[in-house]
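1. build me a structure from this.
(2 chains)
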Amino acid sequence: GENVEQHPSTLSVQEGDSAVIKCTYSDSASNYFPWYKQELGKRPQLIIDIRSNVGEKKDQRIAVTLNKTAKHFSLHITETQPEDSAVYFCAASSLYNDYKLSFGAGTTVTVRA
Amino acid sequence: NAGVTQTPKFRVLKTGQSMTLLCAQDMNHEYMYWYRQDPGMGLRLIHYSVGEGTTAKGEVPDGYNVSRLKKQNFLLGLESAAPSQTSVYFCASSSIAGGPGIQYFGAGTRLSVL
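-> From the prediction side, this is the model:
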């Protein structure tokens, strides 16, 4: 099955700086890549997603890039703010696997004021 | 519009006891999922359903059973709870109309097995 690896496991950034989280996947058939944010004690919530026919997608301070050849995708957060502190999960899925999401282990992001 | 609702929110069991977790969604989604979340291990899929009356195994199905008798409900059962099943359980649902849809998560059930 699909195997998603996520790095780094923890990330500390100064407020206003950028944060980058990288994920790799193993199944070349995967074609949907969402990113979820989970605040402490809360449910995961989608912040951005990308499909395989697109190389980059941006939503305000958040962007995701996808390199299908290398089988990796990344989350970029610019101008980080204290409310960006959370655990971020990447995931991958494909039609051939009932669109089941395989999640990375998560990245704990801390934004220092 | 409540989205995805899980009951109960917290539960403490003794080893060997049984229980059922209920997930209900009001978005008319076809797909429903049960995950467990353990520290440092992300979310792991236990079982899922692609429609009423169907269920399938996920990554970590042992010790759990599920049923989807109605489209809006997805039940997760523990027949004989073990300490290794101490975890936070999340239910999610999604639509697949036109391709993969966003998975919406419930608030979670925190289960402790003593």
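2. A:Thr80 versus B:Gln37, what's the distance?
-> The gap separating B:Gln37 from A:Thr80 is 25 Å, by Cβ to Cβ, to the nearest Å. Where you see a C-beta, it was placed from the backbone N, CA and C, and this is true even at glycine.
3. again with B:Ala24
-> In this view, B:Ala24 and A:Thr80 are 36 Å apart by Cβ to Cβ.
4. SS state for the most centrally placed residue in chain B?
-> Here the mean C-alpha position of chain B is nearest to the C-alpha of B:Trp34 (Cα atoms, centre = their mean), at a distance of 2.7 Å. When classified by DSSP: H, G, I helix; E, B strand; the rest coil, B:Trp34 comes out as strand.
5. so what's it up against?
-> The contact partners of B:Trp34, taken as Cβ atoms under 8 Å, 6 or more residues apart in numbering or on different chains, are B:21, B:23, B:45-48, B:58, B:64, B:66, B:74, B:76, B:89-91.
6. one more: B:Met41?
-> Residues counted as contacts of B:Met41 (Cβ under 8 Å, 6+ apart) are A:Ala105.
7. and B:Cys23, how many residues sit next to it?
-> The local packing count at B:Cys23 equals 25, with neighbours defined by other Cβ atoms under 10 Å in any protein chain shown.
8. correction: the previous question concerned B:Pro83.
-> Around B:Pro83 there are 10 other residues, counting by other Cβ under 10 Å.
9. these two touch, right, it and B:Gln17?
-> No: between B:Pro83 and B:Gln17 there is no contact under Cβ atoms under 8 Å: 11.8 Å.
10. any regions of chain B where pLDDT drops low?
-> Within chain B, the ranges that satisfy pLDDT under 70 run B:1, B:98.
11. my read: A:Lys68 touches A:Arg51, true?
-> No: using Cβ under 8 Å as the test, A:Lys68 is too far from A:Arg51 to be in contact (10.6 Å).
12. just give the nearest non-adjacent residue to A:Asp17, would you?
-> Excluding its sequence neighbours, the residue lying closest to A:Asp17 (Cβ to Cβ, 6 or more residues apart in numbering or on different chains) is A:Thr80, at 5.9 Å.
13. what helix or strand is the one you found on?
-> A:Thr80 belongs to no helix or strand when elements are defined using DSSP states H and E.
14. my guess is it contacts A:Ala19. True?
-> Yes: the pair A:Thr80 and A:Ala19 qualifies as a contact (Cβ under 8 Å) at a distance of 5.5 Å.
15. anything in contact with each of the two?
-> A:Val13, A:Val109, A:Val111.
16. residues contacting A:Lys22?
-> Each residue near A:Lys22 by Cβ under 8 Å, 6+ apart is listed here: A:Gln6, A:His7, A:His72, A:Phe73, A:Ser74.
17. one more time with 10 Å, if that's ok
-> The neighbours of A:Lys22, taking Cβ atoms under 10 Å, 6 or more residues apart in numbering or on different chains as the test, are A:5-8, A:65, A:72-76, A:90, A:104, A:107.
18. rewinding a little: near chain B too, which of the shared contacts of A:Thr80 and A:Ala19?
-> On the criterion Cβ under 10 Å from any Cβ of the partner chain, none of the entries of the shared contacts of A:Thr80 and A:Ala19 sits beside chain B.
19. which of those residues sits closest to chain B?
-> Distance ranking of those against chain B, using Cβ to the nearest Cβ, places A:Val109 first at 14.9 Å.
20. so that closest one versus A:Ile47, what's the distance?
-> For A:Val109, the distance to A:Ile47 - Cβ to Cβ - is 12 Å.
21. what's the answer for B:Gly77, then?
-> 32 Å.
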